[in-house]
Structures are given as structure tokens and as C-alpha cells.
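*Asks:* Next come a sequence and a model predicted from it.
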Amino acid sequence: MERRRSAGAESGSEPLASRARRAGFWASADAGVRTVLGFAVTVVLARILQPAEFGVLAMAMAFYGLAAVVSDSGVGTALIQRRNITHEEESAVFFFNLMSSLLLAACMLGIAPLAASFLRHPELQQIIGMLAGGLLLGALGSIHVSLLTRSMQLRTIARVNFWSTLLSGALAVALALWGFGVYALAWQFLVQSFVQAALLWTWHPWKPTLVWRMACLPPLLQFGWRWMAARLIDTAYLQVSNAVVGKVFGANDLGLYTRAQSTQQLPTTLLSGVLSRVFLPAFSEASGSRVRLANALARSSQIAMMVSVPAMLGLALVAEPVVLMLFGPSWSFAAELLRVLCLAGMLMPLHVLNLSALLAQGRAGLVLRIELLKKCFALSFFSAACFHGLEAIAWSQVATSLVSFFVNAYCCGRTLGFGAWRQIGSLWRVALAGLIMAAAVAGADLLSPGFAPVRLAWLVAVGIGTYLFSCLLLQLASISQIWSAVQSLLRRPTSS
């Protein structure tokens with residue numbers, strides 16, 4: 001019988017806390033560099049392309065997003081969650097993902113002409129075909145990402161994402177300047193998927209074995225299909241709602257909405273990527289003790305919200321100068337949407353952490369039921385908002401975020417004894433510091449100059465200074481914890 005390996009064994013005898021700190025450093029570096037670099041490329045492209053062209057890509061991504069979730073079937077997450085795995089199981093997951101992606105790519109090619117006709121954009125047929133190629137390339141490297149995440153060896157992932165984002169972004173800008181239009185965005189996605197797959201196979205030693213058994217898959221699918229279904233529900237809601245916006249309001253309005261959405265998601269995606277990569281494996285190792293897991297959830301929630309609250313409130317307050325300076329006057333309406341969407345994004349770290357804690361306990365079935373319940377509320381809010389315009393749709397996201405927090409936290413309260421009111425009670429100082437910062441920035445805006453870059457710099461400086469002073473005044477312990485973690489990371493070797 002093949003010997004099983006644990007996540008701890010893959011990383012030697014190094015303590016969990018030490019590995020989590022180093023993983024946090026590389027996850028932060030990866031998310032930060034990739035998000036900022038990708039956003040910089042988007043800013044340049046937004047100056048060259050029109051909102052309608054971004055809207056067409058968003059329509060095509062609706063089909064890719066659904067296929068990408070189904071192709072993995074949650075087995076990659078199951079590998080991360082399991083304490084022990086064999087190489088045979090890893091190989092089974094690899095070939096399962098590859099065959100699933102082949103089937104789904106063929107489905108995308110078949111649906112492409114119908115989608116182009118229904119949405120009245122002929123170019124969608126070719127773009128969906130290009131995204132189908134990206135789906136296949138993504139499947140080639142998905143097992144490497146799961147194994148690196150499982151062992152908290154995130155340095156390789158950071159290197160891969162940096163080079164793939166840089167090279168694909170440079171190509172997209174060049175193609176946009178040469179007049180390729182929306183196809184520049186599609187080529188950016190395809191090239192990024194290719195570079196990621198090539199580098200993962202080059203820099204990570206894992207290779208599949210041709211001898212594997214289908215019997216390895218059912219135990220992984222038992223966990224994975226529930227997690228896949230939960231992700232599919234979430235992705236379907238997001239992508240289908242974008243497609244509905246494009247159909248009802250047009251590609252130009254969809255481009256404005258998705259630009260506001262992606263700008264709001266810049267800090268939340270960065271933070272959520274770090275949290276999901278670090279805390280799912282860390283929570284999984286702590287899942288043997290209910291008290292230990294609840295304490296880890298409490299500490300991580302406070303640290304995450306200390307970043308999310310000022311980031312989202314601050315971005316909402318400076319939405320107008322940010323949009324005008326980065327994207328130009330043709331995107332000005334996106335600022336109104338951005339202000340509202342920031343309020344919805346503020347609670348995103350709590351969503352990620354609560355669900356990670358449930359998954360660490362092997363409660364994928366509960367997560368699926370949670371997603372079904374939340375999407376019933378979300379669809380109700382979205383359906384009602386569609387009759388009142390884009391701003392109403394943005395406000396429906398705020399209502400969905402609030403309901404989602406209470407549902408997620410209620411379930412954590414049942415399983416860990418750390419429910420919604422205890423979580424809110426542990427975060428009141430963070431919320432107060434954020435409100436003080438918001439009041440200071442709003443007052444400073446009355447004295448700010450009209451020139452957008454100077455105004456933005458002034459408001460950001462006031463916001464950062466006020467928030468840090470408020471945190472010290474309120475004696476938030478997480479400030480010292482964050483600083484201690486940073487110092488510890490800088491003293492430790494960064495190999496892995």
C-alpha cells in the first residue's frame with residue numbers, strides 16, 4: 001500500500017504557527033503584487049478601450065466562470081482539507097480535472113454561437129472559444145496549486161503569478177494599442193493561463209503517475225462535490241447577474257458596473273486570497289480542538305477587519321477622484337456605483353473566514369446549504385433591484401452581504417460557539433476606528449483642492465494617519481500582532 005503523506009510532513013517538523021506566518025508573507029506578497037500589477041494593466045487598458053468592450057468580456061466570462069467551478073468539482077479543495085493523501089490520489093485528481101475540463105470546453109464551444117446570438121454580440125463566439133482554451137490550460141496546473149497551498153509553500157505560486165500577470169498584461173496592452181479591441185482582453189486571459197501552467201510544471205517537481213484507480217476519487221468527491229456545488233451557486237449568481245445586466249442595460253453599462261465592481265474588489269480580493277490560502281490549511285490543522293479553532297477564527301477576524309474596514313470606507317470616500325484619475329471621465333458613473341459596492345465588500349473577510357472554519361471541520365454539506373439559503377435572499381434582492389437601475393443593483397449587494405454575514409456567523413456559532421454577536425462584539429473597536437477615520441476624511445474633503453491627484457493624496461494621508469491614531473487610542477491589540485508578525489517574517493528565511 002502506498003504511504004500516506006500529511007501536510008505537516010511535506011513541510012518537515014516546522015511548527016504550524018511558523019509555517020502559517022511564512023505562508024502569510026508569501027500569500028500577501030503574491031496577492032499584493034499580482035493584484036496591483038493586474039490593476040495597473042487594467043488602468044492602462046481602460047484608457048485605450050471603451051466600457052462596452054469590457055462589458056462584452058464580462059458576458060463571455062459568465063460562461064467561463066461556471067465551467068471553471070464545475071471542472072474542479074471541489075476535489076482540489078478536498079486535497080487541501082484532508083490530513084493525509086497519496087500520490088495515487090493526487091494523480092486521480094489531476095486526470096479527473098483534465099477530463100472534466102475537456103468535456104466542459106467542448107460544451108463552451110457548443111454554446112458559444114447561441115450565446116452570441118442571444119446577447120447580440122457576434123464576437124462572443126470567438127471570445128468564448130478562447131476562454132475554453134484557457135479552461136484546459138488551467139486544469140493542467142490546478143493540482144500543483146492545490147499541493148503547494150496544502151503544504152503552505154506559496155513562494156512558487158507567487159513567482160508563477162507574477163510572471164504570468166506581467167507577460168499577459170504587456171501583451172494585452174500591445175494588442176489594444178494595435179486595435180484588437182476586446183480580443184486584447186481575451187488574449188490576455190489565454191496567455192496568462194498558458195504561462196501559469198508552463199511555469200508550474202517547470203518549477204514544481206510533481207508529475208502524475210499513469211497507474212491510478214477511480215476508487216481514489218469517491219472519498220474526495222464526497223467532500224468536493226458539496227464544496228463545488230456551493231461555489232457553483234455563488235459563481236452562477238455572480239456571472240448570471242452580470243449577463244442579465246448586460247442583456248437588460250447593455251454592454252456599456254455592464255462595463256461601468258464591472259469596472260466599479262473590480263475596483264471595489266481590488267483590496268477585498270487581495271485580502272481574501274491571503275485568508276483562503278493561509279487559513280484553510282491552518283484551520284484544518286487546528287480542527288482537532290474546537291476551542292483552538294474558535295480562538296484562531298477570532299484572532300484572524302480582527303486582523304482581517306482591521307484592514308478591510310479602513311480600505312473599504314476609505315475607497316468609498318475617495319471614489320470620485322480615484323475613478324477620474326485612473327480611468328478618465330468616460331467612466332465617471334462608475335464612481336457612484338463604487339461608493340455603494342464598497343459597503344458590500346467591507347464584510348468579505350468575515351465571509352471567507354467563517355466558511356474556511358466550517359470547511360476545516362469537514363462541513364462542506366453545511367456550506368452548500370448555507371449558499372443555497374444566501375442565494376435565495378440574493379436573487380430576491382437582485383430581481384427587485386433590476387427594475388430600478390444600476391445603483392439599486394449595487395444596493396442589493398449591500399443587503400446580500402449583511403444577510404450573508406449573519407447566516408455564516410450563525411452556523412459558526414452552532415459549531416464553534418463563536419456566532420454573529422460574539423464576532424460583532426470582538427470587532428467594535430475596529431468599527432469605531434473606521435468611523436472616526438471616515439469622519440476625518442469627510443471633513444478634510446471640504447478643505448481639499450479640486451485637482452484630482454492632489455485631492456486623492458491629501459485624503460489618503462488624512463485617512464491613514466487618523467486610522468492609525470484611532471487604533472492606538474483604542475488599544476487595538478491586533479496592531480502589535482500584525483507588527484510582530486511582520487518582524488518575525490523579516491527575520492526568518494523565506495525559502496519555500
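*Replies:* Ah, there it is.

*Asks:* confidence score at Phe189?
*Replies:* Turning to Phe189, the model gives it a pLDDT of 94.

*Asks:* That one - how many residues pack around it?
*Replies:* 22 (other Cβ atoms under 10 Å). (Glycine included, C-beta is placed from N, CA and C.)

*Asks:* got it, and Leu324?
*Replies:* Leu324 has 18 nearby residues by other Cβ under 10 Å.

*Asks:* Looks like it contacts Ala334 (just checking).
*Replies:* No: between Leu324 and Ala334 there is no contact under Cβ atoms under 8 Å: 9.9 Å.

*Asks:* any residues in contact with both of those two?
*Replies:* Residues touching both Leu324 and Ala334 (Cβ atoms under 8 Å, 6 or more residues apart in numbering): there are none.

*Asks:* now do the same end-to-end measure for stretch 196-209.
*Replies:* By Cα to Cα, to the nearest Å, the extent of stretch 196-209 from end to end equals 21 Å.

*Asks:* Please list the residues outside it that contact it.
*Replies:* Outside stretch 196-209, the residues touching it (Cβ under 8 Å, 6+ apart) are 87-88, 90-91, 94-95, 137-138, 140-141, 143-145, 147-148, 156, 159-161, 163-164.

*Asks:* what about Leu66, distance to Glu320?
*Replies:* According to Cβ to Cβ, to the nearest Å, Leu66 stands 34 Å off from Glu320.

*Asks:* Poorly predicted segments of the stretch 151-300 of the chain, please.
*Replies:* 211-227, 230, 269-289 (pLDDT under 70).

*Asks:* Just the buried ones from the contacts of stretch 196-209?
*Replies:* Buried residues within these, counting neighbours by 16 or more other Cβ atoms under 10 Å: 87-88, 90-91, 94-95, 137-138, 140-141, 143-145, 147-148, 156, 159-161, 164.

*Asks:* Give me the subset of those residues lying in strands.
*Replies:* If you go by DSSP state E, the buried ones among the contacts of stretch 196-209 have nothing in strands.

*Asks:* element containing Phe418?
*Replies:* Under DSSP states H and E, no helix or strand contains Phe418.

*Asks:* Contacts only, for it.
*Replies:* Shown in contact with Phe418 (Cβ under 8 Å, 6+ apart): 294, 297-298, 409, 412.

*Asks:* if we go to 7 Å?
*Replies:* Residues near Phe418 by Cβ atoms under 7 Å, 6 or more residues apart in numbering: 294, 297-298, 412.

*Asks:* Pick out whichever of those residues sits closest to Leu355.
*Replies:* Distance to Leu355, by Cβ to Cβ, is smallest for Cys412 among the contacts of Phe418, at 8.9 Å.

*Asks:* Assign a three-state SS to the residue nearest to that closest one when sequence neighbours are not counted, would you?
*Replies:* Excluding the flanking residues, the one nearest Cys412 by Cβ to Cβ, 6 or more residues apart in numbering is Asn354, at 5.0 Å. Assigned by DSSP: H, G, I helix; E, B strand; the rest coil, the conformation of Asn354 is helix.

*Asks:* now Asn354: how far from Val307?
*Replies:* From Asn354 across to Val307, the span is 17 Å (Cβ to Cβ).

*Asks:* And the nearest residue to Gln196 once chain neighbours are set aside, how far from Leu474?
*Replies:* Nearest non-adjacent residue to Gln196, counting by Cβ to Cβ, 6+ apart: Ser164, 4.5 Å away. Per Cβ to Cβ, Ser164 is found 41 Å from Leu474.

*Asks:* Check Thr35 too.
*Replies:* Distance, Thr35 to Leu474, by Cβ to Cβ: 29 Å.

*Asks:* out of these two, which sits in the busier spot?
*Replies:* More crowded of Thr35 and Leu474, by other Cβ under 10 Å: Thr35, with 20 against 14.

*Asks:* what's the helix or strand for that one?
*Replies:* Using DSSP H and E, Thr35 sits in helix 16-48.

*Asks:* Downstream of that helix, the next helix or strand is which one?
*Replies:* Under the assignment DSSP H and E, the closest C-terminal helix or strand after helix 16-48 is helix 51-72.

*Asks:* Against which helices or strands is that following helix packed?
*Replies:* Where contact means 3 or more Cβ pairs under 7 Å, 6 or more residues apart in numbering; DSSP states H and E, helix 51-72 is packed against helix 87-119, helix 124-150, helix 182-203, helix 217-249, helix 251-286.

*Asks:* now it against helix 124-150, angle please.
*Replies:* With axes from the mean of the first three to the mean of the last three Cα atoms, to 10 degrees defining the directions, helix 51-72 sits at 50 degrees from helix 124-150.

*Asks:* And helix 51-72, how far out from the chain middle?
*Replies:* Put simply, helix 51-72 sits 15 Å off its chain's centre (Cα atoms, centre = their mean, to the nearest Å).

*Asks:* Just the buried residues of that helix, please?
*Replies:* 51-72.

*Asks:* Put the alpha carbons of that helix into CSV.
*Replies:* Taking C-alpha atoms only, helix 51-72 is exported to CSV below (Å, rounded to 0.1, in the frame of the first residue of the first chain):
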residue,chain,number,x,y,z
PRO,A,51,-16.5,50.4,-21.4
ALA,A,52,-18.6,48.4,-23.9
GLU,A,53,-15.5,46.2,-24.7
PHE,A,54,-15.0,45.3,-21.1
GLY,A,55,-18.7,44.6,-20.9
VAL,A,56,-18.5,42.1,-23.8
LEU,A,57,-15.7,40.3,-22.0
ALA,A,58,-17.8,40.2,-18.8
MET,A,59,-20.6,38.4,-20.7
ALA,A,60,-18.1,35.8,-22.0
MET,A,61,-16.6,35.3,-18.5
ALA,A,62,-20.1,34.3,-17.3
PHE,A,63,-19.7,31.1,-19.2
TYR,A,64,-16.1,30.5,-18.3
GLY,A,65,-16.7,31.1,-14.6
LEU,A,66,-19.4,28.4,-14.4
ALA,A,67,-17.3,25.9,-16.3
ALA,A,68,-14.2,26.6,-14.2
VAL,A,69,-16.0,25.8,-11.0
VAL,A,70,-17.5,22.5,-12.4
SER,A,71,-14.2,21.3,-13.9
ASP,A,72,-12.5,21.2,-10.5
